[in-house]
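Enquirer: Generate coordinates for the sequence data below:
(2 chains)
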Amino acid sequence: MNFGFTGDQLALGATVRDVLRAHCPPAALRTERRPAWKQLAGLGFFGLLLPAGSGGLGLSLADALPALEETGRACLPGPVVETAVAAAYLQAGLPGLASGAVCVSVLPPGQAYAPDADLADLLVVARAGGWHLVRKESVRLAARPGVDPCRPLFEVGFDVSEDLGGAVEPALLGATVATAAQLIGVARELLAVTVAYARARTQFGVAVGSFQAVKHQLADVAVAVEFAAPLVHRAALSVGGPLWGPEDGPVSRPVRGLEDGPVSRPVRGPAGGPEDGPVSRPVGEPAAGPVSGQARGPLPSAGRDVSAAKAAAGEAAVRAARVALQVHGAIGYTEELDLRFWLARAWSLSTAYGTAAAHRERLRAAILNGGPGRYP
Amino acid sequence: MDLDFSPAERDFRAEVRDWLRAHVPEPLPSMDTAEGFAAHRAWEALLAGARLSVVSWPEHYGGRGASLIEWLIFEEEYWAAGAPARVTQNGIFLLAPSLMKFGTSEQRDRWLPRMARGDDVWAQAWSEPEAGSDLAALASRAEPAPGGHRLYGHKTWSSRAAHATHGFGLFRTSGTRHHGLTYVMFPMDDVAVRPIAQLDGLPGFAELHFDGVFVPESMVVGEPGDGWRIAMATTSSERGLTLRSPGRFLATADRLIALARDAGPALADLAARCWVDAEAYRLHTYATARRLMTGEELGPEASMGKVFWSELDLRMHNLAMELLGDRAGDTPWLDGFLFALAGPIYAGTNEIQRTIIAERVLGLPRAGVRR
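Expert: Alright, predicted model coming up:
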């Protein structure tokens, strides 16, 4: 029992934080689609979860959690979770993934639109009970209005795709946990910015943060974040790292509880698609490189633990956004204050990969119907 | 980072579980009745005989030198087994940590083994009629007398004091507010005790009147005048993981799930939410235990835990009352509900805790401080 991040895990988070402070300042959120992506790629960020044979570091999801939280804290735009986490579970051998040259978007089940799909070289789409891999040149996108200016949404159409089978489920769990980690980062930043504002802003001759009505709202945000975070950490351990077969191919594991999708089955060879697209190697084709083992795949409780994490993190972030806006008052209700980006990120990510209500419903079913035991 | 119990931890859990399975009695009468008090003391003696009453204490005081993680495992098994509430808890969880940290070796040798066996049962005497949340407003005095002090004043809402053998509290020896307070232990023999019935009608509280009760120097914990600092160390552990470990709430959550199994989706959803929150408290506590085991100290962030567990406990019992309606009194849930109502009040009200979180964890300015 050693439930806390190691020095290495925290150091990775601190490194990512420094890079994002330097290269993803709030001003960049107004002008760039993918600020700091190049610098993050230089750090190996997009290969954290990839096996060494694919140019990655072979880390587990739990190892990467502090770094992922930092991407939320910085409100980093772009399909970070999809490219750095979901793709690592799905397409470990994809050339260009570790270097950040390939960008991935995901349209999960239950959602209508894919975020940042215009940036994506590959789209993973849940549709009609199946999973499809769609390449950039086969996709038709139509922009849709959304709540988050830095996370634009697109309606996705396609005629040509490859069948991914059920191998997507661990990726979906991993992406959901990573999104929950980002939500924790968003909530922490909203709390920190709002505390700083409440200390500086004076009314009636005193800092507004000296008023108990303000203090207690901020205390409640602190409590919500404090007790959501360990659920996210536990979920990362429940999901485990990406599993790679003997040749770095993804290994499918049946996962119950997250969605009612198709029965898992291993990825087979290519199911169509152009020969000369941005992806030079078809899905499932062996990549060169040494065997890279991860400890294990998802535990039986993974679906439930992931839902607990996502619901709690989403609710904490939404509460943090609500209190942040209220404590800022009118200035918080403006487009020109940077706060708006974090508010929007809390709102957009809280519904990504399942709304809190959807996850609460899964939890109800999993817990009241005698699901798997506690972990640990 | 991992969440795996070591083989030694798993063995310890198995031993505790087996022992409890063989020894946990049918529900005892309330510890706030004379009969129930005696029965709870006898249970403590039985626990102590198996060296399970204070597992985290050093062996020579009756413990096993168990790690914090093992203590949390003990608590999970204890509450899951439906074992009796701890009549000794004010002593073992509040006074004992202060004695371990600030007491003399003579005090520890004299009092801790007796406390571990339930020979002495300690009541906490903090509050006074005019000093509740504002503890530093207390007015009871300890006046120097040859060989010790004489105690004067009036304490109230003192839990367990109707039946306890001993008490501990703060008494003023000099100064004002936080300065000049002294941490004193006293036998109840010469204290005038007026039992106060709680919401359940039983005397869980008492009022204590001191009219020159003599206590020798050996009953002062730490230096005279240093009582506030020592008491704050105690309240930190009270708010933190020692008083209300996750095991109690995990057990309540499991029973709530069983109760809500046939409920409609609205109440079932609330039950599932409580179950997850009990998990969150458990995981958070494992992380806190890891910090403490690597030498960190518990600071004002303990207030976050107090707000969380007390409001979780109340939500769980409110829901049980909803689910049971007028049948609640046929079950232990009614007593549990009344007890849960006290959670946001004792050990520092949750309003005080939220102010502590805002000021000392988040760094917001204190009220009335002009910039």
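
Enquirer: what helix or strand is residue A:157 on?
Expert: strand A:153-158 (DSSP states H and E).

Enquirer: Note down every partner strand of that strand and its orientation.
Expert: Sheet pairing here is set by DSSP bridges, and for strand A:153-158 it gives strand A:114-115 (antiparallel), strand A:139-144 (antiparallel).

Enquirer: Could I get the CA-only coordinates of it as CSV?
Expert: In CSV, the C-alpha atoms belonging to strand A:153-158 read as follows (Å, rounded to 0.1, in the frame of the first residue of the first chain):
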residue,chain,number,x,y,z
LEU,A,153,-16.9,20.4,-32.2
PHE,A,154,-17.5,18.8,-35.6
GLU,A,155,-20.2,16.6,-37.0
VAL,A,156,-18.4,13.6,-38.6
GLY,A,157,-19.4,11.9,-41.8
PHE,A,158,-17.5,9.1,-43.7
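
Enquirer: What residues of that strand count as buried?
Expert: A:153-154, A:156, A:158 (16 or more other Cβ atoms under 10 Å in any protein chain shown). For every residue, glycine as well, the C-beta is placed using N, CA and C.

Enquirer: element containing residue A:310, please.
Expert: If you go by DSSP H and E, residue A:310 is part of helix A:302-328.

Enquirer: Just to be sure, residue B:212 is in a strand?
Expert: Yes. Residue B:212 forms part of a strand when assessed by DSSP: H, G, I helix; E, B strand; the rest coil.

Enquirer: For it, give its distance to residue B:327.
Expert: 52 Å (Cβ to Cβ, to the nearest Å).

Enquirer: With residue B:86 instead?
Expert: Note on residue B:86: its distance to residue B:327, by Cβ to Cβ, is 28 Å.

Enquirer: what's near enough to touch whichever residue of the stretch 101-250 of chain B sits closest to chain A?
Expert: Closest contact between the stretch 101-250 of chain B and chain A, by Cβ to the nearest Cβ, is at residue B:250 (7.8 Å). Residue B:250 sits next to A:374, B:76, B:79-80, B:278-279, B:282 when contact means Cβ atoms under 8 Å, 6 or more residues apart in numbering or on different chains.

Enquirer: Using the three-state scheme, assign residue B:184.
Expert: Under three-state DSSP, residue B:184 falls in the strand class.

Enquirer: Number of residues surrounding it?
Expert: Residue B:184: 25 surrounding residues under other Cβ atoms under 10 Å in any protein chain shown.

Enquirer: for residue B:101, same thing?
Expert: The number of residues packed near residue B:101 is 13, by other Cβ under 10 Å.

Enquirer: isn't it right up against residue B:233?
Expert: Yes. When contacts are counted by Cβ atoms under 8 Å, residue B:101 is listed as touching residue B:233 (6.1 Å).

Enquirer: shaky segments in the chain?
Expert: In the absence of a named chain, this looks at chain A. Residue ranges of chain A with pLDDT under 70: A:166, A:245-295.

Enquirer: not quite, I wanted chain B
Expert: B:234-240, B:368-371.

Enquirer: how about stretch A:189-201 as CSV, C-alpha atoms only?
Expert: Provided in CSV are the C-alpha atoms of stretch A:189-201 (Å, rounded to 0.1, in the frame of the first residue of the first chain):
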residue,chain,number,x,y,z
GLU,A,189,-6.6,26.3,-11.4
LEU,A,190,-10.1,27.8,-11.1
LEU,A,191,-9.7,27.6,-7.3
ALA,A,192,-6.3,29.2,-7.3
VAL,A,193,-7.2,32.0,-9.6
THR,A,194,-10.4,32.7,-7.6
VAL,A,195,-8.6,32.7,-4.3
ALA,A,196,-6.1,35.1,-5.6
TYR,A,197,-8.8,37.4,-6.9
ALA,A,198,-10.7,37.2,-3.6
ARG,A,199,-7.6,38.3,-1.8
ALA,A,200,-6.9,41.2,-4.1
ARG,A,201,-10.4,42.6,-4.7
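
Enquirer: Tell me if it is near chain B.
Expert: Yes. On the criterion Cβ under 8 Å from any Cβ of the partner chain, stretch A:189-201 is in touch with chain B at A:191, A:195, A:198-199.

Enquirer: quick one, helices of the stretch 51-200 of chain B?
Expert: For the stretch 51-200 of chain B, the helices defined by DSSP state H, counting those that start in this stretch cover B:68-80, B:89, B:96-102, B:105-117.

Enquirer: For the shortest one, give me every contacting residue.
Expert: This means helix B:89. Contacts of helix B:89 (Cβ under 8 Å, 6+ apart): residue B:243.

Enquirer: longest helix of the chain?
Expert: Defaulting to chain A. helix A:168-200 (DSSP state H).

Enquirer: Chain B, not that one
Expert: helix B:265-293.

Enquirer: Tell me what angle that one forms with helix B:68-80.
Expert: Relative orientation of helix B:265-293 versus helix B:68-80 (axes from the mean of the first three to the mean of the last three Cα atoms, to 10 degrees): 150 degrees.

Enquirer: what packs against helix B:265-293?
Expert: Applying 3 or more Cβ pairs under 8 Å, 6 or more residues apart in numbering or on different chains; DSSP states H and E, one finds that helix B:265-293 contacts helix A:212-239, helix A:302-328, helix A:356-368, helix B:68-80, helix B:246-260, helix B:302-324.
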